[in-house]
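Participant: this is a predicted model, with the sequence first.
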Amino acid sequence: MDERSRDENRSIMNGMEHVTISHHSGDEIALSRSRTHRLDGALKKKNNAWVDFSNKTLAPEQTDFMIQQLEKKTNPRLQRTYTNGLALEEVESSAPIISVGLKFLRGADTPQVTRGEQIDMEGKEADQKDALWRVATAGALLSQFNVTPDLQIVKTDDTANIVARAKYQAHSDRVRIVKDLRTGDWDLRGLLVEVDWKSLWDLMVNYQNLIAGGGPEMTFEETRELLDTMIEDARRLCIRSPILFRMSTRVSIINSENTRYGINHGGMFRTLTTSKGIKEIISLSSAYFNSLDPTGSDPVARKYIRPKFLQMIVLLLSLLNNEDLAEIKDFLEATYKLKADRRDIELLILKVIPLSSINPRVFLNALVPAIDGFPLQSGNTNKDGDHSHIWNIFIKRILENGYILPGTVDDLGRNCLSWIVKWPEDGFISTVVFDNLQYAGRLRTINDIPPVEVRPGSNCTELTVVMTDDSKYVISPGDLDNIIYMTPGSYPVQETDRRKRYHDLTIRDTLLNGELFEAIKMINGIVHTVNQWIANPRKSGNMVTRLVRQKSDHQAFLNDVEGSGRLEEVVATLNHSTLAVAYKIKGRKVSRNDAVQTMARDIRHLHAFINHVERRGDLNDHGFFSMEKRELKQSLERVRAQINLAEQRRARIGIDEELSDEPIAKCLYPEGVDINDGDVWNGYKAWCTERDGFLNVEAARSTIIPVRWLTGDVIELSLDRRPSKVFVTPLKPVAEGHRDDEARVGDIVVLLGQYVAVGEPNDINARADEAGSMINYLRIVNMEEQNQSRRGRNRIQESDGRVLYRFK
């Protein structure tokens, strides 16, 4: 017997839950599945680590409880004893029963997330799920699995920190899913955030690889390539784990304990990582960060490497709860020069990470508590006028902490509070409005971190992508999400070489568990027959009394058997080459390992049902009608035949070749104007006058003389009585016919940090010291300074050249 045959047998016999990894391309694979050597090693390591993790976090078997669920009882109960994070086969009544509060945030697809926000608005109770899910999830809360830099899965047990004894019990009656973990008296609390396993797993593993093997040992190109991959992981995470990028999720994470990120699969919530695990990863990053530019003189590192690495830091920081953030506050401020109080970190997250809500009311109700730490009063956010007022107060409050929010011509210039970005008629539902947020305090790294671009901008009409075989094509930006989700269909792609030929990227799906569906359909036919017997008993002592467990005269009806859902293999092909293979359950991606385990669990449950029927009915007993016995035995044999076919299919999936689960390896987003890398900074002080709401700025002030558009993105400004020229760029793309609105000769300019604030006097005869109206902000690309002597520069007072100016 060859090695492949032995692998197949090992995966089939007595090991339906565990997957043996092997790679082959058998006759059943019609198309070649190509890949590059560059991806092979990394993909195998990540996938092998995932298989190890998945096998170690399997839900404990509870076949007896599954059989109980067949009977139509209300709220079936389950009790299980745990020690060292492992479930015991027998319940030990002497072990204490712990009370557990869970908050479960569904979040691996956008419709689920938006529905969850609607339920919160309607004030409905949280879905309790079933007893098995609650008990299995509660039992797993005292264990966690960490990924080491060499991709080993290490388990730690926290039982001793929660309960005094080594053993404890989880009882379904004492495990509740709630909407607010701050209410209730719980021995153990847990926030469970459902994410897309693949994108978060890849991000964690790649980050570990970067900080473990990075630094001077990696070339610039290797570092840039790995960071680009991580940025792509972050984009995937945003698209495929929308719960992480909802404004309403922020407060849940901030105030949570035992914060866990994982997948809702396999009859329980399975934790991928925790807030504490993320904290440890961040803590290990300082050595790598300091090695990027140890002398602070490498412009390439500052421009390309540092901003992307910091984007990853912010993304990881967004996963920390209050307790874990507080433990690394000093580290963050000393290493990254990030102001790390909770309020400041949340403002950083608003700037860098795109968060959204279903409507402006939900957005405001989540924004204010996340930043200010207290909820809005009930009823405050039901009217549009209230929204605008609350927004204005919010912008004034963050100004007190050193933050100013630049805006465009479309946002500014009102008669009152001209300097505040106005609350639009339709309101804000996204943190995109904070993309240009600026901090004027001592720790200003926030100003050097650009927002993460999740999707191409509205002005992007085509997007270049790199496929998993390293080929480059141009796609429509509108097709990107469908390709990433592996949505079946044909998508035109264009070559990037001079020939510009078009091809079709084809994505097709195939049902993998059709035999299981057929078996379940047959079993439910048996259930229907048994329920008919129960409803219409023909004589006492027939097989009905054997098929149910009730000791009373009343016989419980049986529930239909439910499977795990439609399991599909989705294959992406281009030019007769297979680029990606994904597996989906109920339309959502799962790993190949989880696909195999899901089929194995369904098969095992079907076998358990058959054994239950045969054992309880005693098909060798002649004490009931022979017709019933014959029909039932024939039905069960047909079910077994379908199960055998399903088992063969499951075994083939386990030995299939390992490929990426989506065809696009990387998107090459169009780069905008190179902005300054933090070298340009015009010091200022800004505060709001409570009485009239005016913005007071103490800063360099001048008047525009000529305005010259060098390109569609860059403007050259010459300023009155200042020898330097200022090169700026609009905050948003500007149509050629509207360029004159951005800056005009005679406009007042105030230099605020990395921006030029553009204003105009209220009337033509206004005095120089009279308050003006804020019209626009332009971001400084560069400043052309005349050569000056370095002598005495440190003796110049920081306030020299500043004047007080007011915007009404």
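Facilitator: On my side now, so go ahead.
Participant: my read is that E90 contacts Q79, right?
Facilitator: No: E90 is beyond contact range of Q79, at 10.8 Å (criterion: Cβ atoms under 8 Å). (Each C-beta comes from the backbone N, C-alpha and C, glycine too.)
Participant: those two: which has the busier surroundings?
Facilitator: Each of E90 and Q79 has its neighbours counted (other Cβ atoms under 10 Å); Q79 has more, 17 against 7.
Participant: which residues does the more buried one contact?
Facilitator: By Cβ atoms under 8 Å, 6 or more residues apart in numbering, the residues touching Q79 are 91, 97, 135, 169-172.
Participant: L567 pairs with what?
Facilitator: I585 (DSSP bridges).
Participant: ok, it to T156 distance?
Facilitator: Going from L567 to T156 by Cβ to Cβ, to the nearest Å gives 33 Å.
Participant: if we can go back for a sec, so which of the contacts of Q79 is the most crowded?
Facilitator: Going by other Cβ under 10 Å, V135 tops the contacts of Q79 with 30 neighbours.
Participant: what segments of the stretch 351-500 of the chain are strands?
Facilitator: 403-404, 438-439, 463-467, 472-475, 489-495 (DSSP state E, counting those that start in this stretch).
Participant: so which bits of the helix or strand just after the last one are buried?
Facilitator: From strand 489-495 onward toward the C-terminus, using DSSP states H and E, the following helix or strand is strand 502-511. Neighbour counts over strand 502-511 (16 or more other Cβ atoms under 10 Å) mark 505, 507, 509 as buried.
Participant: check which helices and strands the lengthiest helix in the chain sits against.
Facilitator: Assignment by DSSP state H gives helix 626-654 as the longest helix of the chain. Contact partners of helix 626-654 among helices and strands, from 3 or more Cβ pairs under 8 Å, 6 or more residues apart in numbering; DSSP states H and E: helix 3-12, helix 514-535, helix 592-617.
Participant: that older thread, ok, which of the strands of the stretch 351-500 of the chain comes nearest R246?
Facilitator: R246 lies closest to strand 403-404 among the strands of the stretch 351-500 of the chain, at 22.3 Å (Cβ to Cβ).
Participant: tell me the strands beside that closest one, with direction?
Facilitator: Applying DSSP bridges, strand 403-404 is found paired with strand 438-439 (antiparallel).
Participant: contacts for the strand it pairs with?
Facilitator: Outside strand 438-439, the residues touching it (Cβ under 8 Å, 6+ apart) are 339, 344, 347, 402-406, 446-447, 752-755.
Participant: how far does that strand sit from its chain's centre?
Facilitator: From the chain centre to the centre of strand 438-439 is a distance of 26 Å (Cα atoms, centre = their mean, to the nearest Å).
Participant: what's the mean pLDDT across it?
Facilitator: Here strand 438-439 scores 97 as its mean pLDDT.
Participant: same deal with stretch 497-505?
Facilitator: Stretch 497-505 comes out at a mean pLDDT of 92.
Participant: for it, measure first residue to last.
Facilitator: End-to-end distance of stretch 497-505 (Cα to Cα, to the nearest Å): 17 Å.
Participant: make sure R722 is indeed in a helix.
Facilitator: No: with DSSP: H, G, I helix; E, B strand; the rest coil as the criterion, R722 is coil rather than part of a helix.
Participant: from I775, how far off is it?
Facilitator: For R722 relative to I775 (Cβ to Cβ), the value is 20 Å.
Participant: most packed of the helices and strands packed on helix 626-654?
Facilitator: Of the helices and strands packed on helix 626-654, the one with the most neighbours on average (mean count of other Cβ atoms under 10 Å) is helix 592-617, at a mean of 21.
Participant: pLDDT of that helix, averaged?
Facilitator: Averaging pLDDT along helix 592-617 gives 83.
Participant: perfect, I'm done here.
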